[in-house]
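>>> quick one: sequence plus predicted model below, questions after.
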Amino acid sequence: MTATAPPGVRPDEAGTGPRDSVALAGFGYRQELHRTMGRYASFAAGFSFISVLTTVFQFFAFGFSFGGAAFFWTWPVVLVGQLLVAACFAELAARYPLSGAIYQWATRLSTPAFGWFAGWIMVIGQIVVVAAAALALQVVLPAIWSGFQLLGGDPAPTTPTGAANAALLAVVLLALTTTVNLLDNRIMSLVNRVGVTAEIIGAVLIVVLLFTHAERGPGITLHTGGEGGAIGALLVGSFTAAYVLIGFDSAGEMSEETRSPRRTAPRTILLSLASAGVLGGLLVLGGVLAAPDLTDGRLATEGLSYVLTSSLGDGVGRALLADVAVAIAVATLAIQTSGSRMLFSMARDGVLPCSALFSKVSPRTGMPAAPALLVGGAAAALGLLNLASPEAFLAIGTTCIAMLYLAYTMVTGPMLWRRLRRIPPAPADGPVHDETGRPLFSLGRWGLPVNALAFVYGVSMTVNLAWPRAAVYDPAGGHWYFQWFTVLFLAVTVTLGSAYRFRLARKGAAAAASTLTG
């Protein structure tokens, strides 16, 4: 069956031209998603998922409360680790430009069963990330205008009233992003591009203003805070950087909607992470240097919102916070889009319940509607956990990071195993040039050390994130399930996935037996 371009879209843009659609057919798939994204849109997909304004504002207070000013030094460490992972992903994106990147890559590097679990963990993690991103509105909206604290009381996300209001704002935002994800591929891409442009301009402006309003020198970053020693404090403080610097794989996730993906996706994966990493690090450092006071406790509870409104004045501070709110909305949209593409990719292979429904793409909009509805609805349900307890905010945030780190490791691990056995990451008869005739992105002789370090880093950070520290996850005590939330959530995810795989295998065996006896 030949795909048809929608009205107003040229055949090449819709993915119906010979070059990209034939390349996709080589993997056994028809072009159904509309191929309308260029290089900047691909960059925006990765950058908006990372969304430095969203995530730095959301987790700055947490990082400072545990690591003090020295938590800044966890930033370059995490950035280098993630750049190693991104380099591996860039190599795979050039060879497998497919939606559902983590699932597709893990499957082709290992086995279908292993790849399925990587995709399953990744998509559940993405749903949790959507919820965590939407909850971030609570960090900025009440600081802009007290009227956004719809439920009254203390707006801090760690208080019962702040947590409940965060859940309400998150549900409203998710309703909006789900609507955009149902409209049209080009509308979604336009919102992403405009939002990312506004975020970059806002982030640069905030960095400049913070450094020009510095109250102290960079030497303050040599002092840690918290209890349990410097190493323990920094391990927890690294959660901020770990939470921010994820999602760069979204540029690969959108490959089937990107023109010339073999050339574009590897570059934008690396560029989105590197640019977000630099901007985020400067935001963290600027916030520490410009804070009016490091000891009054406000920086550890209100974070960068406190710095902006206190140091820059209410007018400028609130205007910049409005830009942060836009970044949060666009980040939620981008993460929801990425999660829906993962669901679509797995359903297209018939490996999910209701695969026929979740693999259906509207010929008019180029959007898979059912996955967007599921991701938005499930994220809203998770966000409502905030109504149960303020500790849910942190539990949801750290769980999503751990899930994505584990899924990333399920790609770098098999990739490393192949390298150790001297097997290339792609078939020998695969393409060696991109769409412009240039050699595909390759790590060359650096592949083995980069891959090995990426794998070790990923495993180490996953363990660090999931470690059930009572002081972190249940500071008030009495909520053991929050202390073990990440471990329990992962166990439930794997158990449900195993149960489905077992049921699927039994169904397949029964069908085979029926065929033989028939």
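Sure, I can see it. Residues are numbered from 1 along each chain as shown.

>>> number of residues surrounding residue 181?
The number of residues packed near residue 181 is 26, by other Cβ atoms under 10 Å. (Each C-beta comes from the backbone N, C-alpha and C, glycine too.)

>>> likewise residue 299?
25.

>>> list the contacts for it?
Taking Cβ atoms under 8 Å, 6 or more residues apart in numbering, we find residue 299 in contact with 61, 64, 287, 291, 293, 306, 307.

>>> let's go with 6 Å and repeat that
Neighbouring residues of residue 299 by Cβ atoms under 6 Å, 6 or more residues apart in numbering: 64, 291.

>>> helix, strand, or coil at it?
Secondary structure assignment for residue 299 (DSSP: H, G, I helix; E, B strand; the rest coil): coil.

>>> look up phi and psi at it.
phi -70, psi -30 (degrees, to the nearest 10).

>>> adjust the sequence numbering to begin at 22 for everything that follows.
New numbering, starting at 22: the last item is residue 320.

>>> what ranges does the stretch 22-171 of the chain have for its helices?
Taking DSSP state H, counting those that start in this stretch as the test, the helices found in the stretch 22-171 of the chain are 39-46, 60-71, 73-88, 95-116, 122-130, 133-156, 158-165.

>>> got those as TSV, with mean neighbour count, distance to residue 233 and mean pLDDT columns?
Shown next, in TSV, are the helices of the stretch 22-171 of the chain (neighbours: other Cβ atoms under 10 Å; distance: least, Cβ to Cβ, whole Å; pLDDT from 0 to 100):
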stretch	mean neighbour count	distance to residue 233	mean pLDDT
helix 39-46	16	46	80
helix 60-71	27	25	93
helix 73-88	27	19	88
helix 95-116	23	21	96
helix 122-130	27	40	96
helix 133-156	26	30	94
helix 158-165	25	21	89
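
>>> where are the low-confidence patches of this structure?
22-39, 245-250, 411, 414, 449-450, 529-539 (pLDDT under 70).

>>> would you tell me what the next helix or strand after the top helix by length along it is?
Counting by DSSP state H, the longest helix found in the chain is helix 335-369. Per DSSP states H and E, the first helix or strand lying C-terminal to helix 335-369 is helix 376-379.

>>> middle-most residue in the chain, spatially?
residue 268 (3.2 Å; Cα atoms, centre = their mean).

>>> doesn't it fall inside a helix?
No: the assignment for residue 268 by three-state DSSP gives coil, which leaves it out of any helix.

>>> which ones are touching it?
If you count contacts by Cβ under 6 Å, 6+ apart, then residue 268 has 70, 71 around it.

>>> can we see that at 10 Å?
Neighbouring residues of residue 268 by Cβ atoms under 10 Å, 6 or more residues apart in numbering: 66-72, 76, 147, 150, 154, 274, 293-294, 297, 352, 355-356, 359, 425.

>>> check which helix or strand residue 402 maps to.
helix 390-404.

>>> specify the angle between the next helix or strand after that helix and helix 73-88 in degrees.
The element immediately downstream of helix 390-404 (helix or strand, assigned by DSSP H and E) is helix 412-441. Put simply, helix 412-441 runs at 100 degrees to helix 73-88, going by axes from the mean of the first three to the mean of the last three Cα atoms, to 10 degrees.

>>> give me the distance between helix 412-441 and the centre of its chain.
11 Å (Cα atoms, centre = their mean, to the nearest Å).

>>> any idea how far the longest helix of the chain is from the middle of the chain?
10 Å.
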